[in-house]
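>>> Output the structure for:
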Amino acid sequence: MSGIVDVVIDDREPAGFVQLFMDSGAKSVKVERLSVGDFVVNQHWVFERKTISDLCASLIDGRLFSQAAKMSKLAGHPVIILEGSSKDADKSHVSRESVQGALITLSVFFSIPVLRALDSEEIVRLIDYTVAQAGRFQKSSVLRHGYRPKRRKARQLYVLQGLPGIGRGRAEKLLETFGSIEEVVTADEDELADIDGIGKTTAKRIRDILS
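Residues are numbered from 1 along each chain as shown. Prediction:
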């Protein structure tokens, strides 16, 4: 049985997704412009679809981590689904190490799960499996290990503390100075180094992991 009750599809996604979600058992399928994500499922899950070519392009032009910062602020559950094979990355002339670094940053520092799919059909199946599994997980009363802050500022500080050399105090200074995770991620090395308690060494380590 499908875990998908309703889904909103971004109007920039291929039209074929409408039928795929209907075939999966979704009771309501709507198409409209979404500000964040490509599929909003059950008003709680936000899935961002990226081809590997898209990932490489957004990594090159710097959009990737800004998008991740916006997703990390969501009250629901953000998930990135990466579509394609490793051969697609080779065509983009982006090194395997850069792609791996990007995936580490997304999953570890932004706490956004990254799933892999070969095509549109598998994307819909993954979404269905994820949502259905979440329902079974909640019913089993098994608690998820690890700290999951609820308030927005706490979540922002939690994300920032995933950066190298950043504890609670430094995270608070970064957030106070720049105002958002997005601004921290896009700040250059000199701007980061100017923050009291961070300095050039930590600033360089932060830029190295984000670049």
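>>> tell me the contacts of residue 204?
residue 189 (CB atoms under 8 Å, 6 or more residues apart in numbering). No exception for glycine: its C-beta is placed from N, CA and C like everyone else's.
>>> separation between the nearest residue to residue 193 once chain neighbours are set aside and residue 160?
Nearest non-adjacent residue to residue 193, counting by CB to CB, 6 or more residues apart in numbering: residue 203, 3.9 Å away. Using CB to CB, to the nearest Å, residue 203 is found at 14 Å from residue 160.
>>> More neighbours: these two, which one.
Neighbour totals were compared for residue 203 and residue 160, and residue 160 leads with 23 against 20 (other CB atoms under 10 Å).
>>> Please list all residues in contact with that one.
By CB under 8 Å, 6+ apart, the contact set of residue 160 is 166, 170-171, 174-175, 181, 184.
>>> any weak-confidence spans in the chain?
1-2, 75, 86-92, 136-150, 211 (pLDDT under 70).
>>> now with 50?
1, 140-147 (pLDDT under 50).
>>> quick one, helices of it?
Under the criterion DSSP state H, helices of the chain are mapped to 16-24, 52-61, 63-72, 86-91, 96-104, 120-139, 152-160, 168-178, 181-186, 189-193, 199-210.
>>> Would you mind giving those as a markdown table with distance to residue 6 added?
Formatted as a markdown table, the helices of the chain follow (distance: least, CB to CB, whole Å):
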| stretch | distance to residue 6 |
| --- | --- |
| helix 16-24 | 10 |
| helix 52-61 | 26 |
| helix 63-72 | 20 |
| helix 86-91 | 31 |
| helix 96-104 | 30 |
| helix 120-139 | 11 |
| helix 152-160 | 25 |
| helix 168-178 | 34 |
| helix 181-186 | 29 |
| helix 189-193 | 42 |
| helix 199-210 | 36 |
